[in-house]
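Engineer: What follows is a predicted structure for the sequence shown.
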Amino acid sequence: MKVHTLLGSIPDLFPESTLTTEWLGPSACVLREFALPYVGDLLSALADIETAAPFRHMQAPGGYSMSVAMTNCGALGWTSDRHGYRYAPVEALTGLAWPVMPEVFRRLAQAAAAEGGFAGFEPDACLINRYAPGSKLSLHQDKD
């Protein structure tokens with residue numbers, strides 16, 4: 001479907017399907033729309049994760065609060081506070097273990113890894129970011 005305006009037609013922003021694997025290099029790819037078949041189950045599992053470990057705005061080592069809200073699931077969770085960035089088995093504020101990674105998260109991670117050439121991948125941690133309007137994440141590298 002195309003949208004027609006006084007300036008002419010604009011291509012549909014949401015075509016029927018753009019499921020593709022776009023290779024960026026020998027071991028890096030973008031999996032467009034890869035998670036769509038999992039969406040319903042992912043959202044249901046996410047609600048359970050959020051109940052056990054609510055999204056929060058973690059503190060950066062410099063003392064600033066991050067604009068992106070985060071939570072985790074799995075054996076480890078990514079966390080940040082005045083002591084730095086790290087993976088930890090418990091949530092820093094509550095001292096409780098992160099929720100178990102739901103099976104649908106595990107299946108999606110394994111399928112995506114296999115599509116990208118990493119068959120046999122076994123996820124142990126899942127960082128979940130919530131970007132509300134106005135939140136931002138500056139240019140950075142995750143080196144661990």
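Structural biologist: Yes, it's here. All values reported here derive from a predicted model rather than from experimental measurement.

Engineer: Skip the chain neighbours and tell me the closest residue to the spatially most central residue of the chain.
Structural biologist: For the chain, the residue nearest the mean C-alpha position is residue 128 (4.6 Å; C-alpha atoms, centre = their mean). Residue nearest to residue 128 in three dimensions, not counting chain neighbours: residue 71, with 5.1 Å by C-beta to C-beta, 6 or more residues apart in numbering. Where C-beta positions appear, they are placed from N, C-alpha and C, glycine not excepted.

Engineer: how far is the one helix or strand that neighbour maps to from where the chain is centred?
Structural biologist: Residue 71 belongs to strand 69-74 when elements are defined using DSSP states H and E. Chain-centre distance of strand 69-74: 9 Å, with C-alpha atoms, centre = their mean, to the nearest Å.

Engineer: hmm, who's touching that strand?
Structural biologist: The contact list for strand 69-74, computed with C-beta atoms under 8 Å, 6 or more residues apart in numbering, reads 49-50, 53-58, 77-79, 91, 98-102, 105, 123-130, 132, 135.

Engineer: Could you tell me which of those residues count as buried?
Structural biologist: 49-50, 53, 55-56, 58, 77-79, 91, 98-99, 101-102, 105, 123, 125-126, 128 (16 or more other C-beta atoms under 10 Å).

Engineer: mind listing the helices for the protein?
Structural biologist: Under the criterion DSSP state H, helices of the chain are mapped to 39-52, 103-115.

Engineer: and residue 105, what does it touch?
Structural biologist: 42, 45, 73-74, 123, 126.

Engineer: swap the cut-off to 7 Å and go again
Structural biologist: 45, 73, 126 (C-beta atoms under 7 Å, 6 or more residues apart in numbering).

Engineer: Just give me the neighbour total for the first one.
Structural biologist: So that's residue 45. Look at residue 45: counted by other C-beta atoms under 10 Å, it has 18 neighbours.
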